[in-house]
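*Asks:* kindly return the folded structure for what I paste below:
(3 chains)
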Amino acid sequence: MRKLPAAFYLTDDVIHAAQTLLGKLLVTRFDGLYTSGRIVETEAYNGVVDRASHSYNNRRTARTEVQFGKGGKAYVYLCYGIHHLFNVTLAPEGHPLVVLIRAIEPVAGIDTMLARANKSSPDNSLGRGPGNVTRVLGIHTAHSGDSLQKEISIYDDGYVLPPAEMGVSARIGVDYAGQDALLPYRFYIKGNASVSGPLKWRT
DNA sequence: CAGTGGATCGTCT
DNA sequence: GACGATCCACTGG
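*Replies:* Numbering: from 1, shown residues only, chains lettered A, B, ... in the order given. Take a look at the predicted model:
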């Protein structure tokens, strides 16, 4: 188990980072409660030139300011008034590149996850979908801006994803982005039961 | 499995 | 004042 170093997050290659994060362990430790899950689905958001990105066209607001800082922090925002979506920020200061974590396969602290999700037994939906990822890991908008070297962190446990098992598709839920909605910026582990989206985009 | 519709509120125009 | 980088329950096949 090796925590991803601060240097990992300073890349400008958001596509490669989104691919590399597949198979890594996303870990939280809040109030002594340890939970972790393997990242099985990601999406790249390519900053100022990406219509699907909150920072498109260099738009800076209080909400998106974290994206413009040095990479290696959490960017968490509220979606549809209900769901908290967790992103990893990347790149040196001034480059608002992020990777959305869309699904995890629960690994440790399953009882805690079940309690947070108000469920009694584990199933494939526990870490499926970006809203569920934050729910079971206990992440919410107040954590936006937090370092990924503290309560929230990402580990490499030696898992290696065979290249043939990585799936690629367009991103989900970004129809408003015009042509950019078609970009092949979503990455997932083929056949993994925790991956979200339509069946054809899970196999 | 696919399709539909309600929930719910911070953010930006 | 409109609208989401979504989820769930429910319908029908």
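
*Asks:* next one: stretch A:61-73 to chain centre, how far?
*Replies:* 15 Å (CA atoms, centre = their mean, to the nearest Å).

*Asks:* what is the neighbour count of the closest residue to residue A:10 other than its chain neighbours?
*Replies:* Spatial nearest neighbour of residue A:10, chain neighbours left out: residue A:71 (5.3 Å); criterion: CB to CB, 6 or more residues apart in numbering. Any C-beta I mention is one placed from the backbone N, CA and C, and that applies to glycine too. For residue A:71, the neighbour count with other CB atoms under 10 Å is 25.

*Asks:* just checking, residue A:71 touches residue A:89?
*Replies:* Yes: counting by CB atoms under 8 Å, residue A:89 is a contact partner of residue A:71 at 5.0 Å.

*Asks:* ok so, going back, looking at this, the residue nearest to residue A:10 is in a helix?
*Replies:* No: read with DSSP: H, G, I helix; E, B strand; the rest coil, residue A:71 is coil and lies in no helix.

*Asks:* now it: how far from DNA strand C?
*Replies:* Distance, residue A:71 to DNA strand C, by CB to the nearest atom of the strand, to the nearest Å: 14 Å.

*Asks:* residues contacting that residue?
*Replies:* A:9, A:10, A:11, A:88, A:89, A:90, A:91, A:92, A:95, A:97 (CB atoms under 8 Å, 6 or more residues apart in numbering).

*Asks:* give me phi/psi at it?
*Replies:* Residue A:71 adopts backbone torsions of phi -60, psi 160, taken as degrees, to the nearest 10.

*Asks:* repeat for the one 4 residues further on
*Replies:* When quoted as degrees, to the nearest 10, the phi and psi of residue A:75 stand at phi -120, psi 110.

*Asks:* what do you get for the one 10 residues further on?
*Replies:* The phi and psi values for residue A:85, taken as degrees, to the nearest 10, are phi -110, psi 130.

*Asks:* quickly note the distance from residue A:8 to residue A:161.
*Replies:* Using CB to CB, to the nearest Å, residue A:8 is found at 16 Å from residue A:161.

*Asks:* make that residue A:119, sorry
*Replies:* Residue A:119 is 28 Å from residue A:161, by CB to CB.

*Asks:* equivalent analysis for residue A:29, please.
*Replies:* For residue A:29, the distance to residue A:161 equals 25 Å [CB to CB].
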